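Chemist: Okay, sequence plus prediction incoming.
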Amino acid sequence: MTESDDDYLRLRETFNEDAGRYDRARPRYPARMFGDLAAAGVATGARVLEIGCGTGQATVPLAERGHRIVAVELGAEMAAVARRNLAGFDSVEVVTAAFEQWTLPAEPFDLVFSATAFHWLDPAVRVPKSADALRSGGLLATVATHHIAGGTEAFFREVQGLYERFDPATPPGLRLHAARDIPEDDRELASSGRFGPASFFRYEWELPYSTAGYVDLLLTYSGHRALPKAQQHALLTAIARLIDADYGGHIVKRYLTELRIAQRIR
């Protein structure tokens, strides 16, 4: 394993370090997304494999639609919180395992679903194993969350200087993009030969944060958690001071949630 692989594995395991904070601070998913997923052909009672369920933030809405779900989660603490959040649903099983090493059950799934987790999986495994998990004609649905221009735009321009000061790995002059400038990408699925053309559904939305709430959110991101503690503390303290001093203790963040759906063809 290379040094780069070691860094990747370390980053994807940071989410498990504070599962309670992750469950509290991470935003949920737009309700319309689950309606669009149903309209794409995921009928009530579908057999669903969810990859990287985290604390169950997308699993609960799926379970509320009556689906039978096997949710695979790498982090033991994250999985424990998910089980608590899903305790009222008899049709959901949360498995603690790495998807790459997990043995697929004999019965195939109607839907393989992954919300803000698919990019953390081994690129050599994630698409072919998802196809193997599905029945013929089954659907692979992945969700990506993008941080986009909008909300309190002056803050997000100004805070870039703090990242450049306290985290030298930050690209200089980095700016958030508009949603229209983020391309729809199904190259990985198309090149596999296992899936048909992907359909994309996009949702732009905003969420307000207090100073404490925004710092809480930042501590759920792998890059922030991986910083040396002194460096992390200095960065977050400076961000909090900026929000309090220049923005009255409140900012608004704009998100783009993207649902990508493709059908297994072989």
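Modeler: All right, it came through fine.

Chemist: In PDB, please show the C-alpha coordinates belonging to stretch 81-97.
Modeler: What follows is stretch 81-97, C-alpha atoms only, in PDB (Å, rounded to 0.1, in the frame of the first residue of the first chain):
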ATOM      1  CA  VAL A  81     -25.800   5.300  16.200                       C
ATOM      2  CA  ALA A  82     -27.500   4.200  13.000                       C
ATOM      3  CA  ARG A  83     -28.900   1.200  14.800                       C
ATOM      4  CA  ARG A  84     -30.300   3.500  17.500                       C
ATOM      5  CA  ASN A  85     -31.800   5.800  14.900                       C
ATOM      6  CA  LEU A  86     -33.400   2.900  13.000                       C
ATOM      7  CA  ALA A  87     -34.600   0.900  16.000                       C
ATOM      8  CA  GLY A  88     -38.200   1.400  15.100                       C
ATOM      9  CA  PHE A  89     -37.800  -0.300  11.700                       C
ATOM     10  CA  ASP A  90     -37.800  -4.100  11.700                       C
ATOM     11  CA  SER A  91     -37.000  -4.200   8.000                       C
ATOM     12  CA  VAL A  92     -33.600  -2.600   8.400                       C
ATOM     13  CA  GLU A  93     -30.300  -4.500   9.200                       C
ATOM     14  CA  VAL A  94     -27.100  -2.500   9.900                       C
ATOM     15  CA  VAL A  95     -23.900  -4.400   9.200                       C
ATOM     16  CA  THR A  96     -20.500  -3.200  10.400                       C
ATOM     17  CA  ALA A  97     -18.100  -4.000   7.600                       C
END
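
Chemist: Give me the contacts around it.
Modeler: 19-20, 22-23, 53-56, 59-60, 63, 66-76, 79, 102 (CB atoms under 8 Å, 6 or more residues apart in numbering). (C-beta placed from N, C-alpha, C; glycine too.)

Chemist: Just the buried residues of those residues.
Modeler: Those of those that meet the buried threshold are 19, 22-23, 53-56, 59-60, 63, 67-75, 79, 102, by 16 or more other CB atoms under 10 Å.

Chemist: Could you list which of the residues you listed belong to helices?
Modeler: Secondary structure of those is defined by DSSP state H; positions in helices are A19, Y22, D23, T59, V60, A63, A79.

Chemist: And the last one, how close does it get to R126?
Modeler: The reference is to A79. In this structure, A79 and R126 are separated by 19 Å, where distance is defined by CB to CB, to the nearest Å.

Chemist: And the first one, by the same measure?
Modeler: Distance of A19 to R126, computed by CB to CB: 23 Å.

Chemist: For Y29, give me its contacts.
Modeler: Residues near Y29 by CB under 8 Å, 6+ apart: Q57, A58, P61, A115, V143, T257.

Chemist: so which two of those are the farthest from each other?
Modeler: Pairwise distances among those were taken by CB to CB; the largest, 12.8 Å, belongs to P61 and T257.

Chemist: And the helices in this protein?
Modeler: Assigned by DSSP H, the chain shows helices spanning 3-13, 19-25, 31-39, 59-64, 76-85, 126-133, 153-166, 187-192, 211-218, 222-225, 229-246.

Chemist: Quick one: the ones you listed as JSON lines, columns for distance to Y203 too.
Modeler: Rendered in JSON lines, the data for those read as follows (distance: least, CB to CB, whole Å):
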{"stretch": "helix 3-13", "distance to Y203": "25"}
{"stretch": "helix 19-25", "distance to Y203": "20"}
{"stretch": "helix 31-39", "distance to Y203": "6"}
{"stretch": "helix 59-64", "distance to Y203": "14"}
{"stretch": "helix 76-85", "distance to Y203": "22"}
{"stretch": "helix 126-133", "distance to Y203": "23"}
{"stretch": "helix 153-166", "distance to Y203": "20"}
{"stretch": "helix 187-192", "distance to Y203": "20"}
{"stretch": "helix 211-218", "distance to Y203": "19"}
{"stretch": "helix 222-225", "distance to Y203": "23"}
{"stretch": "helix 229-246", "distance to Y203": "26"}
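
Chemist: Where does pLDDT dip in the stretch 101-250 of the chain?
Modeler: Applying pLDDT under 70 to the stretch 101-250 of the chain flags no residue at all.

Chemist: could you redo the last one with a cut-off of 90?
Modeler: Regions of the stretch 101-250 of the chain meeting the criterion pLDDT under 90 cover residues 168-169, 173, 222-223, 225-226.
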